[in-house]
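Novice: sequence first, then the predicted structure, then my questions.
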Amino acid sequence: MSEAASRSVLGSSAVMAAGTVVSRITGFARGSLLAAALGVQLHADVFTIANTVPNMLYILLAGGVFNAVLVPQLVRAMRQDPDGGEAYTSRVITLAALFLAGVTAVLVIGAPWLMRLFLDSAYNAHELAAQRESVVAFARYCLPQVFFYGMFVLVGQVLNARHRFGPMMWAPIANNLVSIVVLV
């Protein structure tokens, strides 16, 4: 490896390490503010349930497709298509955005039924109606994450296929900073 390439790898590694440290620090601050806003008892548990569901659904619905199927196709299109894969990439992003928007809308509308799958049957009791409604309300706020997770991964894979790794490194930090501002 040449000296210039070695410096490039070292510099890129330093940026990645710095990004990881900053991400952990801002994530800790976000978590602390969230605990201060919601407390650490039932209300926090209700939020955790509602916030975990979009992660699980994204992984089930789209995670594998975006990573296992689309990336090789994007790379192939970039190498073989005369336009460097631009038209193919645009079609994929458009179709993915439409699919994710549709799925997200269905999930948000169906939040009461969806949350019944994740909640203990005790939440169907009249005495816990307020907690059940709180879970549904939190779910409706959190379920749009399915759309954003999908687009984030798709756009990130397009950037990775084009050897642009920085935005994927710094995006979680930006997310943490936005969360911190909202929570403050």
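Specialist: All right, it came through fine. Since this is a predicted model, take the numbers as computed values, not measurements.
Novice: the most centrally placed residue in the chain and residue 166: what is the separation?
Specialist: Ranked by distance to the mean C-alpha position of the chain (CA atoms, centre = their mean), the top residue is residue 149 at 3.0 Å. According to CB to CB, to the nearest Å, residue 149 and residue 166 sit 20 Å apart. Backbone N, C-alpha and C define where each C-beta goes, glycine included.
Novice: next SSE downstream of the helix or strand of the chain with the lowest mean pLDDT?
Specialist: Confidence across the helices and strands of the chain bottoms out at helix 64, with a mean of 69, counting by mean pLDDT, DSSP states H and E. Next along the chain after helix 64, taking DSSP states H and E as the criterion, comes helix 71-80.
Novice: please enumerate residues in contact with that following helix?
Specialist: Contacts with helix 71-80, where a contact means CB atoms under 8 Å, 6 or more residues apart in numbering, come from 84-85, 88-89, 92, 157-158, 160-162.
Novice: now a PyMOL select for only the buried ones of the residues you listed.
Specialist: Selection command for PyMOL covering only the buried members of those, criterion 16 or more other CB atoms under 10 Å:
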select buried, resi 85+88+89+92+157+158+161
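Novice: sort out for me which of the contacts of helix 71-80 are in helices.
Specialist: Counted as lying in helices by DSSP state H, out of the contacts of helix 71-80, are 88-89, 92, 157-158, 160-161.
Novice: show the low-confidence segments of the protein, by residue range.
Specialist: For the chain, applying pLDDT under 70 flags the ranges 1, 4-6, 61-67.
Novice: switch the cut-off to 50
Specialist: Residues of the chain meeting the criterion pLDDT under 50: none.
Novice: longest helix of it?
Specialist: In the chain, taking DSSP H as the definition, the longest helix is helix 3-38.
Novice: ok and the helix or strand where residue 168 lies relative to helix 3-38, angle-wise?
Specialist: Following DSSP H and E, one finds residue 168 within helix 166-183. When axes from the mean of the first three to the mean of the last three CA atoms, to 10 degrees is applied, the directions of helix 166-183 and helix 3-38 differ by 20 degrees.
Novice: which positions in helix 166-183 come out as buried?
Specialist: Neighbour-count burial for helix 166-183 flags 168-169, 172-173, 175-176, 179-180, 183 (criterion: 16+ other CB under 10 Å).
Novice: stretch 115-127 too?
Specialist: By neighbour count with 16+ other CB under 10 Å, stretch 115-127 contains the buried residues 115-116, 119, 123.
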